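> Generate coordinates for the sequence data below:
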Amino acid sequence: MRVGTGESAVVLLEAVPRRASSIWTRAYLRLLLSGDTVCALLACVCVLGIRLIAGAYIPLAEFLLGFGLVIAWPIALWMGGAYRQRANGEGTEEFKAVLNGGIGLMAAVAIMAYATQTVIARSFVMAMLPLALLAALYFRYRMRKRLHRRRAVGDYMRQVIAVGHRESILDLVMQFRRQPYHGMRVVGACLPGNAMDVDLDGIPVLGSFGDVAMVVERERADAVAVLACPELDGAALRRLAWSLETARTDLFVAPALLDVAGPRISIRPVAGMPLLHVEHPEFDGMRQFVKTVFDRLVAGLALLGLALPLLGIALLIRLSSRGPAFFYQTRVGKGGGEFRLVKFRTMVVGAERLKGALLESNEFDGVLFKIRNDPRITRVGAFLRKYSLDELPQLLNVLRGEMSLVGPRPPLPEEVAEYGTDVRRRLVVKPGMTGLWQVSGRSDLTWEESVRLDLRYVENWSLILDLQILWKTWSVVTRGEGAY
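Okay, here's the model as predicted:
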């Protein structure tokens with residue numbers, strides 16, 4: 001039943017049919033609950049079994065305590081937020097929730113054991129619960145990968161109605177299609193006015209801003225994504241939230257600062273109004289010092305560990321084609337300063353001189369030059385590029401402090417000469433061997449997408465983000481996707 005018209009319309013939903021997403025979500029949560037419980041049970045059996053094999057005497061009270069902790073384990077994870085629907089498939093948030101629940105239970109058991117002078121709890125605090133935590137994290141990781149594989153073929157997706165202007169909706173559709181593991185699919189759009197014949201790359205326009213609640217009911221959508229637009233002010237958003245409340249439809253609102261996230265953003269009440277406070281990014285100080293130490297330490301250890309493979313690649317390059325094993329090129333680093341980047345040579349000698357004849361074959365927009373089947377690349381070079389092995393010598397640049405392990409792509413001087421004011425923001429941090437561009441599509445990205453990812457990294461960099469990107473880089477380069 002619908003009450004009211006236009007923007008003030010409120011939809012009262014009675015006997016709403018169950019959405020398909022709610023069915024698989026509940027089944028998935030039950031599977032997570034069962035798996036977490038099994039992880040705790042296996043940890044308990046493992047610890048008690050080892051003690052029995054070692055000849056230790058285990059009283060009945062200790063058996064009861066162990067299996068009591070097995071029951072308490074999923075409860076602790078639930079209290080930590082590990083079964084929230086929004087955490088499904090989102091690695092960082094999901095793992096953090098599991099850690100919070102597991103560590104919280106360990107702390108509670110340790111405090112109770114200390115307060116009651118219970119000696120038998122030590123083996124559980126020191127062995128069983130940490131083992132259960134590691135097993136649960138690995139289980140969640142495997143389940144997340146399985147969920148991502150299913151979403152890549154269109155399963156386990158949440159239906160989203162996008163609300164906003166054409167350009168912002170097209171951008172959202174592109175991002176969801178490029179990264180299906182987030183589990184979002186735009187199934188319809190609501191545009192301002194009567195723009196019903198607008199082309200949205202196959203997404204149907206189902207109504208205007210005043211029809212959002214009705215469209216959600218008709219399409220049985222799971223969520224509404226409101227993109228930045230001046231027509232939807234605070235009052236309109238509040239009425240929209242009320243209309244979606246009964247059906248428990250999620251409401252996502254994109255702020256104007258799309259590329260600023262994480263700890264830099266906080267909501268502070270000022271004079272009775274919730275204001276979004278945005279802190280400035282830190283490019284100096286202790287955090288930068290820790291990043292520099294981490295980069296150089298990892299680069300030094302990696303060079304020592306990869307010395308023989310690097311020597312083998314260098315010999316293979318020399319034997320397979322005429323010319324040196326290494327290629328040196330001037331790149332632009334932090335603050336616009338130039339440095340000599342070192343890579344394994346993947347092209348024929350004199351490839352730079354041949355570039356002019358291939359400019360018309362450029363397949364990349366913007367200021368970059370890329371050809372999918374570049375005739376200058378050698379057979380060995382194609383293999384090295386596919387798995388990013390040609391970039392390993394850049395560890396020397398990291399060790400010298402010219403580059404970072406993670407950062408924006410190191411540009412050429414002629415590329416920087418064509419940068420606009422916004423794009424030059426990439427130069428406030430050191431360029432990196434890998435970055436968001438590397439784990440989000442590599443050479444398959446457009447120039448605009450590459451710039452956006454680099455700027456997003458600059459605005460939100462942290463050591464935790466670096467570790468996440470390094471972890472994802474390994475899976476990307478082993479698959480050899482998007483490299484040429």
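> Could you check how far the residue nearest to Asn100 when sequence neighbours are not counted is from Glu94?
The spatially closest residue to Asn100, leaving aside those adjacent along the chain, is Gly80, at 3.8 Å (C-beta to C-beta, 6 or more residues apart in numbering). In this view, the C-beta of every residue, glycine as well, is placed from N, C-alpha and C. Here Gly80 is placed at a distance of 10 Å from Glu94 (C-beta to C-beta, to the nearest Å).
> Of the two, which one has the most company?
Higher neighbour count among Gly80 and Glu94: Glu94, with 23 against 19, using other C-beta atoms under 10 Å.
> is it fair to say the more buried one lies in a helix?
Yes. Secondary structure of Glu94 (DSSP: H, G, I helix; E, B strand; the rest coil): part of a helix.
> mind listing what the residue nearest to Asn100 touches?
By C-beta atoms under 8 Å, 6 or more residues apart in numbering, the residues touching Gly80 are Ala97, Val98, Leu99, Asn100, Gly101, Gly102, Gly104.
> go on, Leu306?
Listed by C-beta under 8 Å, 6+ apart, the contact partners of Leu306 are Leu392, Leu395.
> Now Gly66: which helix or strand?
helix 60-79 (DSSP states H and E).
> quick one on the thing from earlier: now do the residue nearest to Asn100, the pLDDT please.
pLDDT, Gly80: 90.
> cool, Pro204 as well?
Pro204 is given a pLDDT of 90.
> Bridged to the nearest residue to it once chain neighbours are set aside, which residues?
Excluding the flanking residues, the one nearest Pro204 by C-beta to C-beta, 6+ apart is Gly188, at 5.4 Å. Applying DSSP bridges to Gly188 gives these bridge partners: Ile161.
> you'd agree Gly188 is up against Gly202?
No. With contacts counted by C-beta atoms under 8 Å, Gly188 stays clear of Gly202, the gap being 11.1 Å.
> the more surrounded of those two?
Gly188 (21 against 7).
> Please list all residues in contact with Leu52.
Contacts for Leu52 (C-beta under 8 Å, 6+ apart) come out as Ile58.
> Only the C-alpha atoms, please, for stretch 48-55, written as CSV.
Coordinates of each C-alpha in stretch 48-55 appear next as CSV, following Å, rounded to 0.1, in the frame of the first residue of the first chain:
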residue,chain,number,x,y,z
LEU,A,48,43.2,-32.6,24.8
GLY,A,49,44.4,-35.4,22.5
ILE,A,50,48.0,-34.2,22.5
ARG,A,51,48.0,-34.0,26.3
LEU,A,52,46.5,-37.5,26.6
ILE,A,53,49.2,-38.9,24.2
ALA,A,54,51.8,-37.1,26.3
GLY,A,55,50.5,-39.0,29.4
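> Packing partners of the helix or strand encompassing Leu395?
Using DSSP H and E, Leu395 sits within helix 395-399. Counting contacts by 3 or more C-beta pairs under 8 Å, 6 or more residues apart in numbering; DSSP states H and E, helix 395-399 packs against helix 286-305, strand 338-344.
> any chance of the ones you listed in a markdown table, with distance to Arg30, mean pLDDT and mean neighbour count too?
Compiled in a markdown table, the helices and strands packed on helix 395-399 are given as follows (distance: least, C-beta to C-beta, whole Å; pLDDT from 0 to 100; neighbours: other C-beta atoms under 10 Å):
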| stretch | distance to Arg30 | mean pLDDT | mean neighbour count |
| --- | --- | --- | --- |
| helix 286-305 | 40 | 92 | 14 |
| strand 338-344 | 50 | 94 | 18 |
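> Just give the nearest non-adjacent residue to Gln288, would you?
Gln288 sits nearest to Glu282 (C-beta to C-beta, 6+ apart), 6.9 Å away.
> Can you identify the element that follows the helix or strand of the chain with the lowest mean pLDDT toward the C-terminus?
Ranked by mean pLDDT, DSSP states H and E, the weakest helix or strand in the chain is strand 10-11, scoring a mean of 34. Using DSSP H and E, the helix or strand that follows strand 10-11 towards the C-terminus is helix 20-53.
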